[in-house]
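Peer 1: got a predicted model here, sequence first, then my questions.
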Amino acid sequence: MTAAAAIDERVVCGERYFGARAEQLARLCHAMAERFARGGRLFAVGASPADRSDARHVAVEFVHPVIVGKRALPALAVAPGELALLARADDMVMAFGDTPEIAAALRAAEAAGCLTVAFGRAAAAWELPVPTDDPLLAQELVECAYHVLWELVHVFFEHRGLLEGRDRRAHHDAGASAFLYPFLAEAEDDLDAVLADVRDSVLTKAAETAALRAQTLAGNTDALHAAAVVLRDGFRAGGKVLALGNGGSATDAMDAAADLRHPPGTWPARPAIDLTEDTAVLTAVGNDVGIEAIFARQVIAYGAPGDAVLSFSTSGNSANVIAALAEARRRGLTTIALVGYDGGRIAAERLADHVVVTRSEHIPRIQEAQASAWHVLRGLVEADTA
């Protein structure tokens with residue numbers, strides 16, 4: 001698939017999905033905010049390895065918000081079979097995939113009084129299936145959807161009177177300053193008005209994502225094709241991929257490894273190691289040596305000629321990512337970096353052989369565009385020509 005075709009497909013599918021789901025997503029934000037306000041927790045469950053990377057992504061975004069001033073919210077990625085032990089009435093369950101195990105977990109969660117959300121075809125109180133059979137494109141839409149939920153659930157904490165059981169604030173007349181601070185003059189009983197604002201924000205964020213995906217794919221066509229060639233040649237010679245990143249980018253590395261080891265359709269499985277996967281190794285190196293060495297040590301241990309390091313970083317400045325890329329180069333490994341902002345040190349100092357830059361300063365949008373870039377790269381690896 002060409003970059004232009006990949007862009008068109010993503011724009012059309014995204015417009016169709018979010019145009020149809022914006023109102024539902026806005027109301028789900030409100031329902032989740034009410035649960036969080038009552039002490040509820042969010043459990044994320046996934047069926048396949050790729051689904052579990054999304055569950056992990058949800059957990060880290062809610063617990064460790066990257067937007068300054070947003071509160072940490074209780075979220076945890078668990079195995080579907082563990083829900084019965086952990087879930088209680090005010091909790092929420094967000095499910096990825098539609099296996100019988102997921103369906104059983106959702107039924108048990110609803111019986112316990114939980115709010116249930118499903119992005120697949122499993123039955124849930126809130127169902128958000130995507131309009132595509134392409135699992136990679138579906139993942140991109142789902143990632144944007146749960147990012148939007150995480151970002152906009154916070155709106156309702158700023159309007160306490162709209163949350164069941166919370167005290168209302170007084171209605172204030174903002175006078176001449178109302179045009180600067182419209183919410184100061186907003187009554188706390190106008191739920192429809194806030195829902196309309198949130199619905200519009202869903203559409204705005206989805207449009208921003210579509211534009212950034214297009215910009216990323218169009219602006220990095222040569223880098224993506226070149227990286228695909230070296231990955232394909234490396235696989236043919238017996239090489240493997242070592243994937244890494246921090247936080248949400250760690251879950252992107254998880255997804256990349258899953259897409260390689262458990263590919264969709266008829267693509268062959270490819271060898272990959274997720275360097276974020278082994279918590280014992282990560283905590284041992286981080287505790288005894290330092291956080292900067294957690295990936296470089298693993299490159300030393302697992303890397304071999306013909307391998308490639310695939311790194312994800314929204315800033316392009318993460319010290320442990322830079323250390324891993326430097327170690328990989330010393331050992332003759334190919335280095336590929338997906339970075340945000342202006343590319344950071346990785347792009348400016350040419351610290352990777354192939355650099356894909358997503359030019360934005362908004363971390364959720366960067367990660368969404370990087371997902372598209374990786375998925376296009378994954379497809380190019382299996383193309384006859386690149």
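Peer 2: Now that the structure is in, tell me what you want to look at.

Peer 1: tell me the spacing between residue 144 and residue 364.
Peer 2: Plainly put, residue 144 is 8 Å away from residue 364 if you go by CB to CB, to the nearest Å. All C-beta atoms are positioned from the backbone trio N, CA, C, and that covers glycine.

Peer 1: looking at these two, which is more packed in?
Peer 2: residue 144 (26 against 23; other CB atoms under 10 Å).

Peer 1: just to be sure, the more buried one is in a strand?
Peer 2: No. Looking at residue 144 with DSSP: H, G, I helix; E, B strand; the rest coil, it is helix, so not inside a strand.

Peer 1: these two touch, right, it and residue 206?
Peer 2: Yes. Between residue 144 and residue 206 a contact is recorded at 6.3 Å, counting by CB atoms under 8 Å.

Peer 1: what's the overlap in contacts for these two?
Peer 2: When contacts are counted by CB atoms under 8 Å, 6 or more residues apart in numbering, residue 144 and residue 206 have 14, 18 as shared neighbours.

Peer 1: show me where the stretch 151-300 of the chain has its helices.
Peer 2: 191-219, 221-236, 248-261, 279-288, 296-302 (DSSP state H, counting those that start in this stretch).

Peer 1: between these, which one is closest to residue 368.
Peer 2: helix 191-219 (4.8 Å; CB to CB).

Peer 1: next one: the closest one to chain centre, how far?
Peer 2: Helix 191-219 sits 15 Å away from the centroid of its parent chain (CA atoms, centre = their mean, to the nearest Å).

Peer 1: go through that helix and flag the buried ones.
Peer 2: 191, 194-195, 197-199, 201-203, 205-206, 208-210, 212-217 (16 or more other CB atoms under 10 Å).

Peer 1: one more: stretch 20-31?
Peer 2: Buried, per 16+ other CB under 10 Å, within stretch 20-31: 21-22, 25-26, 28-31.

Peer 1: what lies in contact with that stretch?
Peer 2: 18, 115, 117, 126, 128, 131, 145, 148-149, 152-153, 155-156, 162, 191, 194-196, 198-200, 202-203, 206.

Peer 1: which strands and helices lie in contact with the host helix or strand of residue 356?
Peer 2: Secondary structure from DSSP states H and E places residue 356 in strand 354-357. With contacts taken as 3 or more CB pairs under 8 Å, 6 or more residues apart in numbering; DSSP states H and E, strand 354-357 sits against helix 191-219, helix 221-236, strand 334-339, helix 344-348, helix 363-381.

Peer 1: let's have the ones you listed in JSON lines, adding distance to residue 76 and mean pLDDT.
Peer 2: Listed next are the helices and strands packed on strand 354-357 as JSON lines, based on distance: least, CB to CB, whole Å; pLDDT from 0 to 100:
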{"stretch": "helix 191-219", "distance to residue 76": "25", "mean pLDDT": "95"}
{"stretch": "helix 221-236", "distance to residue 76": "34", "mean pLDDT": "97"}
{"stretch": "strand 334-339", "distance to residue 76": "27", "mean pLDDT": "98"}
{"stretch": "helix 344-348", "distance to residue 76": "31", "mean pLDDT": "97"}
{"stretch": "helix 363-381", "distance to residue 76": "20", "mean pLDDT": "97"}
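
Peer 1: hmm, back to that, from the buried residues of stretch 20-31, which land in helices?
Peer 2: 21-22, 25-26, 28-31 (DSSP state H).

Peer 1: just send the residues you listed back as JSON lines, with distance to residue 258 and pLDDT too.
Peer 2: Formatted as JSON lines, those follow (distance: CB to CB, whole Å; pLDDT from 0 to 100):
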{"residue": "21", "distance to residue 258": "25", "pLDDT": "97"}
{"residue": "22", "distance to residue 258": "29", "pLDDT": "97"}
{"residue": "25", "distance to residue 258": "25", "pLDDT": "98"}
{"residue": "26", "distance to residue 258": "31", "pLDDT": "97"}
{"residue": "28", "distance to residue 258": "26", "pLDDT": "98"}
{"residue": "29", "distance to residue 258": "28", "pLDDT": "97"}
{"residue": "30", "distance to residue 258": "32", "pLDDT": "95"}
{"residue": "31", "distance to residue 258": "30", "pLDDT": "96"}
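
Peer 1: nearest to residue 381 among those?
Peer 2: Of those, the one sitting nearest to residue 381 (CB to CB) turns out to be residue 21, at 31.4 Å.

Peer 1: ok, now how distant is residue 321 from residue 342?
Peer 2: Applying CB to CB to residue 321 and residue 342 gives a distance of 16 Å.

Peer 1: the more surrounded of these two?
Peer 2: Neighbours were counted for residue 321 and for residue 342 using other CB under 10 Å; residue 321 has more, 29 against 13.

Peer 1: other SSEs contacting whichever strand or helix holds that one?
Peer 2: For residue 321, the host element (DSSP H and E) is helix 319-330. With contacts taken as 3+ CB pairs under 8 Å, 6+ apart, helix 319-330 sits against strand 241-244, helix 296-302, strand 308-313, strand 334-339, helix 344-348.
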